[in-house]
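*Asks:* Below is the sequence, then the predicted model.
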Amino acid sequence: MLKGNFFRGLGYLGEGFRLIRQPGLRLFVIIPLIINILLFGLLFYFLAELFAAMIAAAMGWLPDWAWLQSLDWLFWILYGVVILLMLAYGFVILANLIGSPFYGYLAELTEKHLTGQEVSTDDGWGQIIRDIPRALWREVQKILYYLPRAIGLLILGLIPVVNLVAAVLWFLFNSWMMALQYVDYPADNHKVSFPALRKLLGDTRLSAFGFGLPVALAAMVPVLNLVVVPAAVCGAAAYWVRESGADYKQLK
């Protein structure tokens, strides 16, 4: 039986957007946001070209069946959704690789803010620099988890008729990955391993899908996907405090 609360999970991203306006958190939102804007500007043209090329290639692989050709508009939509989801999470991966040291510290500050502890950034920059290797390795673990599953779903998405189901699976998978991606920051701060985090989120899967769903949707919207990352980090810290914090010690 699925546990958690889907509708409670939906509220965490909105809370994250409120939290990023807090004075003690703004600096660690602005710096990675500038990095993301530069990254987005460099990649926007290339991603648009790749999107068009992949759509054209996928349509060229369809067999010449009359009934399939009459539904070409539907396959355009389905292939477009699959590719858009790939590109959305691909952008998030790159943004998180660059900003991961900042996001780990942002999650820590957010958790302290939510639990009523005093927020002090005196050792912020030193901690960020020391955490760079560990933060990057954590991102690599998430990429290694993502890639084989993404490839399998991509193959399913290229099979006519089966891609009707594949598009739904893609969306569910991206929602799950967004929750896993961002709740990992507060989990890592508490030294919870990545496999243990997957188990923990699996135990509250409905809440995880509720949190990941709006993040996945926002990640597909240009410009909005620039600001959703720090908001998702803050929302994930709120998720951790309310959904997972009481159980993390037994997972270490």
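*Replies:* Now that the structure is in, tell me what you want to look at.

*Asks:* what's in contact with stretch 32-42?
*Replies:* Here stretch 32-42 makes contact (C-beta atoms under 8 Å, 6 or more residues apart in numbering) with 91, 94-95, 98-99, 102-103, 106, 222, 225-227, 229-230. Every C-beta, even on glycine, is put in place using the N, C-alpha and C of the backbone.

*Asks:* which of those residues count as buried?
*Replies:* 91, 94-95, 98-99, 102-103, 106, 225-227, 229-230 (16 or more other C-beta atoms under 10 Å).

*Asks:* Among the residues you listed, name the ones in helices.
*Replies:* 91, 94-95, 98-99, 102-103, 106, 225-227, 229-230 (DSSP state H).

*Asks:* returning to what we had before: could the contacts of stretch 32-42 go into a markdown table alongside distance to Lys191?
*Replies:* Formatted as a markdown table, the contacts of stretch 32-42 follow (distance: C-beta to C-beta, whole Å):
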| residue | distance to Lys191 |
| --- | --- |
| Phe91 | 29 |
| Leu94 | 26 |
| Ala95 | 24 |
| Ile98 | 23 |
| Gly99 | 21 |
| Phe102 | 19 |
| Tyr103 | 17 |
| Leu106 | 18 |
| Pro222 | 36 |
| Asn225 | 30 |
| Leu226 | 30 |
| Val227 | 29 |
| Val229 | 23 |
| Pro230 | 23 |
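
*Asks:* Need the worst-confidence member of those residues.
*Replies:* Ranked by pLDDT, those bottom out at Phe91 (65).

*Asks:* Next, count neighbours for Lys112.
*Replies:* 16 (other C-beta atoms under 10 Å).

*Asks:* how much space is there between it and Arg18?
*Replies:* To Arg18, Lys112 is 16 Å away according to C-beta to C-beta, to the nearest Å.
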